[in-house]
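[1] prediction below, plus the sequence it came from.
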Amino acid sequence: MVNARLLAGAVVALAVACGGGASTSRAQVVVPRAVAGSNLDLQGVCPATVVVQMNWYPQAEHAGLYRLLGASPAVDASQKRVSAELVASGRDTGVKLEVRSGGPAIGFQQVSAQLYLDPSITLGVVATDEAVQNAKDHPTLQVMAPMDLNPQVILWSPAKHPDWKSIVDIGHSSATVLYYGGATYMEYLVGAGVLKRSQVDGSYDGTPSRFVASGGTVAQQGYATNEPYLYSHELPAWNKPIEFQLVHDTGYPIYPDAFAIRSADRTRLAPCLRKLVPILQQSTADYVRDPGPTNRAIVGMVHDLNAAQDYTLARATYAADEMKKLAIISNGSNRTLGDFDMARVQKTIDVAGPIFARAGKPVPNVLRPEDVATNEFIDPSVGLPG
């Protein structure tokens, strides 16, 4: 840990939020500033406010980022944004962090498009297949992957389908599979012969209504970190066990929700990223070791943001446990958290590129893994123990 100058003592003040739909007041703890020029000092190398565009509301999957918000974040419910001093390893880095919600908050548009609509955004969360899809018109570069595996799943009722053990088994049936229309992974599953075109239904609206109404006869997309617990414990109309398989296990190896920049900003942001990316790595590792405080903060943020959906502490706790159990957050094939396996990136290009070409959105003729992701800013010494 980098040594830092200690203040005379912790100063506790009341942070009175005002204007812009901000939240109610909270006690604010003023933390010591990082030593000038140290690895935790971002002042002068990063933007005064590091703006991160997310693809949904706060959730445990992104807790490594939210963990960096200072103790008393201001919540702007009208703009669906949360901001505070960026605090890393107990030190004020000298810049602010603003996290903007996505999904409904930005009209469900892709984060890569939002990056090009708003130059004030520093980082956005972009999956590898989205980066490939927009490599020609809105090129982005992934710089750190908080999750090593995609938590996307196809789920089903084990009581209704006791013979299903995998997505392949679903494909051997005639059961309907509900998903959000336009999802690239579904085009992969159909093209690879895992599922049949005749059985997939892109009218899923994000609610459990059709799954419940069917009595569990249909299968449905979801996330290993959310729906299995929600359906089994927080959905009175169902409240029965759910089984699932990760889409990753079928051979679709994207990195989900990786922090990405506009490709043209690489040189300009490099001094910032050399310090910020290891901070994001360490914060994610620290969250895995002690998820409780950040989970509680995230649940509070979702409430204060007046988000479209609620988020319970029990579900956040389940997500943290499941990410560790399934190695969704892990060191991957080495001892480093957050880096990219370029062979996996190449496979995503090989798999997703033809899908986009068939859809009338061809990728560049020559697209290399290093055009989509980089380990340049990764600190290889930061990882989970064991």
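    All right, it came through fine. None of the values given here were measured: they were computed from a predicted structure.

[2] so where's this protein uncertain?
    For the chain, applying pLDDT under 70 flags the ranges 1-28.

[3] for the stretch 51-200 of the chain, what spans make up the helices?
    Taking DSSP state H, counting those that start in this stretch, the helices of the stretch 51-200 of the chain run over residues 63-66, 111-117, 128-133, 167-171, 184-191.

[4] make CSV out of those helices and add distance to residue 86 and mean neighbour count.
    Heads up, the C-betas are built off the backbone N, CA and C, glycines and all. Output for those, formatted as CSV (distance: least, CB to CB, whole Å; neighbours: other CB atoms under 10 Å):
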stretch, distance to residue 86, mean neighbour count
helix 63-66, 10, 25
helix 111-117, 19, 20
helix 128-133, 25, 26
helix 167-171, 40, 20
helix 184-191, 33, 21
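
[5] what's the helix or strand for the closest residue in space to residue 166 that isn't next to it in sequence?
    Closest residue to residue 166 apart from its sequence neighbours, by CB to CB, 6 or more residues apart in numbering: residue 245 at 5.1 Å. Element membership for residue 245 (DSSP states H and E) is strand 243-246.

[6] hmm, who's touching that strand?
    149-158, 164-167, 222, 224, 227-228, 326 (CB atoms under 8 Å, 6 or more residues apart in numbering).

[7] partner strands of that strand, parallel or antiparallel?
    Strand pairing for strand 243-246, determined by DSSP bridges: strand 152-156 (antiparallel).

[8] check the offset of the strand it pairs with from the chain's centre.
    17 Å (CA atoms, centre = their mean, to the nearest Å).

[9] same question for stretch 351-362.
    Taking mean C-alpha positions (CA atoms, centre = their mean), stretch 351-362 and its chain are 24 Å apart.

[10] can you give the domain ranges for this structure?
    Following automatic domain parsing, one gets these domains for the chain: 11-149+255-372, 160-250.

[11] which ones are touching residue 152?
    185, 221, 222, 223, 224, 246, 247, 248, 256.

[12] re earlier: selecting buried members of the contacts of strand 243-246 in ChimeraX, what would you type?
    In ChimeraX, this line selects whichever of these come out buried by 16 or more other CB atoms under 10 Å:
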select :149,150,151,152,153,154,155,156,157,158,164,167,222,224,227,228,326
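
[13] rewinding a little: alpha carbons only: can I get the strand holding residue 245 in PDB?
    The C-alpha trace of strand 243-246 is given here as PDB (Å, rounded to 0.1, in the frame of the first residue of the first chain):
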ATOM      1  CA  GLU A 243     -31.900 -24.100 -12.800                       C
ATOM      2  CA  PHE A 244     -29.700 -22.400 -15.400                       C
ATOM      3  CA  GLN A 245     -26.600 -22.600 -17.600                       C
ATOM      4  CA  LEU A 246     -24.200 -19.800 -18.400                       C
END
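
[14] from here on, count from 598
    Sure thing, new numbering starts at 598, so read that last one as strand 840-843.

[15] for residue 651, grab the count of nearby residues.
    26 (other CB atoms under 10 Å).

[16] got the phi and psi for it?
    phi -90, psi 170 (degrees, to the nearest 10).

[17] please look at it and residue 699 and confirm they touch.
    Yes - in terms of CB atoms under 8 Å, residue 651 counts as a neighbour of residue 699; the distance is 4.6 Å.

[18] overlap of the contact sets of those two?
    The contact lists of residue 651 and residue 699 share 708, 722, where a contact means CB under 8 Å, 6+ apart.

[19] list the buried residues for stretch 830-844?
    Going by 16+ other CB under 10 Å, stretch 830-844 has these buried residues: 832, 835, 839, 840, 841, 842, 843, 844.

[20] bridge partners for the fourth one, pull those for me.
    Partner residues in beta bridges with residue 840: residue 753, with DSSP bridges as the criterion.

[21] quick check: it vs residue 913, distance?
    Per CB to CB, to the nearest Å, residue 840 is found 22 Å from residue 913.

[22] elements contacting the longest helix seen in the chain?
    Ordering each helix of the chain by length in residues (DSSP state H) puts helix 863-886 first. Here helix 863-886 touches helix 660-663, strand 678-685, strand 737-741, strand 855-859, helix 910-922, going by 3 or more CB pairs under 8 Å, 6 or more residues apart in numbering; DSSP states H and E.

[23] now that helix, how far from the chain's geometric center?
    So, by CA atoms, centre = their mean, the centroid of helix 863-886 is 15 Å from its chain's centroid.

[24] what's the following helix or strand after that helix?
    helix 889-901.

[25] just the CA atoms of that following helix, as CSV, please.
    Presented in CSV, the C-alpha positions along helix 889-901 are these (Å, rounded to 0.1, in the frame of the first residue of the first chain):
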residue,chain,number,x,y,z
GLY,A,889,-21.2,-6.3,2.7
PRO,A,890,-20.6,-2.6,3.1
THR,A,891,-20.7,-1.9,-0.7
ASN,A,892,-23.8,-4.1,-1.1
ARG,A,893,-25.6,-2.0,1.5
ALA,A,894,-24.5,1.2,-0.2
ILE,A,895,-25.7,0.0,-3.6
VAL,A,896,-29.1,-0.9,-2.3
GLY,A,897,-29.4,2.6,-0.8
MET,A,898,-28.4,4.1,-4.2
VAL,A,899,-31.0,2.2,-6.1
HIS,A,900,-33.7,3.4,-3.7
ASP,A,901,-32.5,7.0,-3.8
